[in-house]
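Asks: Sequence first, then the predicted structure:
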2 protein chains.
Amino acid sequence: MTTLTQIGKQAKAAARKLASLDTATKNKGLFSMADALIANQQVILTANKQDLANANEMPKKFLDRLMLNEQRITDMANGLRSIAQLPDPTAEIDRGWINADGLQIIQRRVPLGVIGIIFEARPNVTADATGLTFKSGNAVILRGGKEAIQTNLAIAKILRDALTQIELPADAVQMVSDPGHESAQEMMNLTGYIDVLIPRGGHGLIQRVVKTATVPVIETGAGNCHVYVDRDAKLDMATAITVNAKVQRPSVCNAAEKLLIHRQVAPTFLPVIAKALIKHGVQLRGDEAACQIVPEISPATKEDWDTEYNDLIMAVKVVDSLDEAITHINDHSTHHSETIITDNLERGRQFQEQIDSACVYVNASTRFTDGGMFGFGAEIGISTQKLHARGPMGLSQLTTIKYEITGNGQIRK
Amino acid sequence: MTTLTQIGKQAKAAARKLASLDTATKNKGLFSMADALIANQQVILTANKQDLANANEMPKKFLDRLMLNEQRITDMANGLRSIAQLPDPTAEIDRGWINADGLQIIQRRVPLGVIGIIFEARPNVTADATGLTFKSGNAVILRGGKEAIQTNLAIAKILRDALTQIELPADAVQMVSDPGHESAQEMMNLTGYIDVLIPRGGHGLIQRVVKTATVPVIETGAGNCHVYVDRDAKLDMATAITVNAKVQRPSVCNAAEKLLIHRQVAPTFLPVIAKALIKHGVQLRGDEAACQIVPEISPATKEDWDTEYNDLIMAVKVVDSLDEAITHINDHSTHHSETIITDNLERGRQFQEQIDSACVYVNASTRFTDGGMFGFGAEIGISTQKLHARGPMGLSQLTTIKYEITGNGQIRK
């Protein structure tokens, strides 16, 4: 078996080649990989059947994510083709200037180099992540969940062969063939080879990577998101946004988990909003004031305020002021997405300025925090850290800068 | 004694206040701190004498860095005043657009929050780092070397009092009063309170922080920098740049440590360049070919190619081609700054494109990698990592982004 250090070396060598490819060549690679997925879909489906058979004890929701069919393979191929249509971030020159000594300084966008992705049993990540890292000129080392290993290896082999066929480096895409805990651990410590590691998956996986990795990590997808209904909110708008943010897709990170409501409007608003949420199957928990207003709300515990449910559960808190709402959110949020419903300009502005989260909304659903919705064309994840990338990460977040400085003999005095 | 968690909490609270200050108020704070340093210089000098007395066994070079006098305090004050003149990065809106749903999305620059700085016995860092972090709207937790503790505490108290006097949060600047190893270790693990930790000092300190910290770190100041003299170089330019890059200030990270020279010109160039370097007191080490051409060059070991001397030592290697030079540099560099001396456009371009370092020069000294030289006005360090910041870090590298999204009731379909 190839060791991880070997994989790292190969990735580094491939990354150097990828960094000098022009956009047209990279797009050719993306189309070649897309065509190969379609041409070899039977190979993928056979491998996937094997994975599904091995995993038949797992919950239905899990199996649904693991399962591929012709449509899903077509979607993966179309994903690669649509990434080919996006602008190449490494074709950009951010800025340039002449310094006081007459040096011409150009600030260019360049690939990060080698990107590691640790993910769970969603085989589509193999193709999606490859598309984004390849277009931005990076080599990728993928390490997927053990339940999807046959599917992942089959897809990775097809993508690699498609690159080889048009004389591009196959090591642009490498799948770790041993999906055990040790390989994940080794990847987290592959200093010198991995420029950034992006974990994709559940809270447990992400926290383990953030806490133990010594290579640089981008933390994604932790979403304890808040809706705050201010005293000047419109009731119908507040209800529609709260319901949308909670129930439209409760399992994702930009779904709302908490509802804060101004004491002045709580007696009028909370019964209406609670009724709408309960109608959609939401289980409500709340502080004392909330429970008093709506008896169907059960008491929340201290832990509730810090919990991301990813489910049809919402905790409700009545607050005395906008300041209290802001403080509560800054103290308990994962700093992903929060929204205020208000008709007051000044209060909306204060909320946006003082909330310390990646995406701060006025009068809109938190569900819009998404690379596609933002118009980035694609996303590799939603960063909840402040360093390097914050919020939806598109292609340009997979790049760094480099200064190219040209002189005619300048020396420093 | 205040615990580090307590310090972290106080910093977080101060950071929230700092984030909403306008530029004029922050500049007022900088001037107030500058004035206070001058007004209280006797207090600083007294504390400094105490530190110097305790450290009298240390080498002269060390004591020179530790020692303050009236001129140095004036320089510190002027440093704060000049930071006040620089543009406020958090006053910038990077871009804004309307998405397909009619949401107005504004991408703003905002402070990172709380910045930790671990540094050695250079008390001027206390004022310099405070100026940069304060102007960019961040709170700072400083932890200096134990030999400068009295001076550092005196300066920090003066800066804090100056902020209090004009009703700004004193906790914008906190100095850890226990300069032991434990406090450094605790700071490296102050997750949830420190948004980024920047170590400033020697190689040992930086590596310890990078390897053990669980809070996000920016690695700065590792500089195994290369000069490559190509076959088309002008001899006088090659000599002037090599001498400047090596001897103008050998102790700093942007000084050159390695000289690569194309085999075709080595017999003509190397004797001239070696003579000039030796005249400046440089001890030369080299590969076999270099030693054969210039007998004064002693044989280099394998370790030499990866060593940052920070001293009047340079290792010389003769290479067969531009490709060999590029590969050698990418394999051994710390990815800080490298330069090629060439009159050939295509070869200069290839070097700049294929070298994977923060600053890649053609026909200029590596000594220009510096926030001041680049025109950034000030710098907190030179990042040798790719994530978040690369190369000289000015005020804007102490910020992150935030999306402020305003709608009129949008929900996701």
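Replies: Looks like it came in fine. Numbers count the residues shown, from 1 in each chain, chains lettered A, B, ... in the order given.
Asks: for the stretch 251-400 of chain A, what spans make up the strands?
Replies: A:256-262, A:283-286, A:298-299, A:313-319, A:337-341, A:359-364, A:381-383, A:391-393, A:399-410 (DSSP state E, counting those that start in this stretch).
Asks: could I get the ones you listed as JSON lines with distance to residue B:298 and mean pLDDT?
Replies: For glycine as for every other residue, the C-beta is placed from the backbone atoms N, C-alpha and C. Formatted as JSON lines, those follow (distance: least, C-beta to C-beta, whole Å; pLDDT from 0 to 100):
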{"stretch": "strand A:256-262", "distance to residue B:298": "66", "mean pLDDT": "98"}
{"stretch": "strand A:283-286", "distance to residue B:298": "75", "mean pLDDT": "98"}
{"stretch": "strand A:298-299", "distance to residue B:298": "78", "mean pLDDT": "98"}
{"stretch": "strand A:313-319", "distance to residue B:298": "71", "mean pLDDT": "98"}
{"stretch": "strand A:337-341", "distance to residue B:298": "62", "mean pLDDT": "98"}
{"stretch": "strand A:359-364", "distance to residue B:298": "60", "mean pLDDT": "98"}
{"stretch": "strand A:381-383", "distance to residue B:298": "50", "mean pLDDT": "93"}
{"stretch": "strand A:391-393", "distance to residue B:298": "50", "mean pLDDT": "96"}
{"stretch": "strand A:399-410", "distance to residue B:298": "30", "mean pLDDT": "98"}
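Asks: Buried deepest among the ones you listed, which one?
Replies: strand A:337-341 (a mean of 31; mean count of other C-beta atoms under 10 Å in any protein chain shown).
Asks: re earlier: how about the strands of the stretch 251-400 of chain A in CSV, adding distance to residue B:30?
Replies: Listed next are those as CSV, based on distance: least, C-beta to C-beta, whole Å:
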stretch, distance to residue B:30
strand A:256-262, 37
strand A:283-286, 46
strand A:298-299, 49
strand A:313-319, 36
strand A:337-341, 32
strand A:359-364, 28
strand A:381-383, 31
strand A:391-393, 30
strand A:399-410, 28
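Asks: how about the ones you listed, which one is nearest residue B:377?
Replies: Each of these has some distance to residue B:377 by C-beta to C-beta; the shortest is strand A:399-410, at 16.4 Å.
Asks: Among the strands of the stretch 251-400 of chain A, single out whichever gets nearest to residue A:233.
Replies: Smallest distance to residue A:233 across the strands of the stretch 251-400 of chain A (C-beta to C-beta): 4.1 Å, for strand A:337-341.
Asks: What pairs with that closest one, parallel or antiparallel?
Replies: As defined by DSSP bridges, the strand partners of strand A:337-341 come to strand A:225-229 (parallel), strand A:359-364 (parallel).
Asks: So the helix or strand following the first one, near chain B or not?
Replies: Proceeding N to C from strand A:225-229, the next assigned helix or strand is helix A:235-247, under DSSP states H and E. Yes. Using C-beta under 8 Å from any C-beta of the partner chain, helix A:235-247 reaches chain B at A:237, A:240, A:241, A:243, A:244, A:245.
Asks: ChimeraX command to pick out the buried ones of those residues?
Replies: Applying 16 or more other C-beta atoms under 10 Å in any protein chain shown to these leaves a buried subset, and the ChimeraX line that selects it is:
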select /A:237,240,241,243,244,245
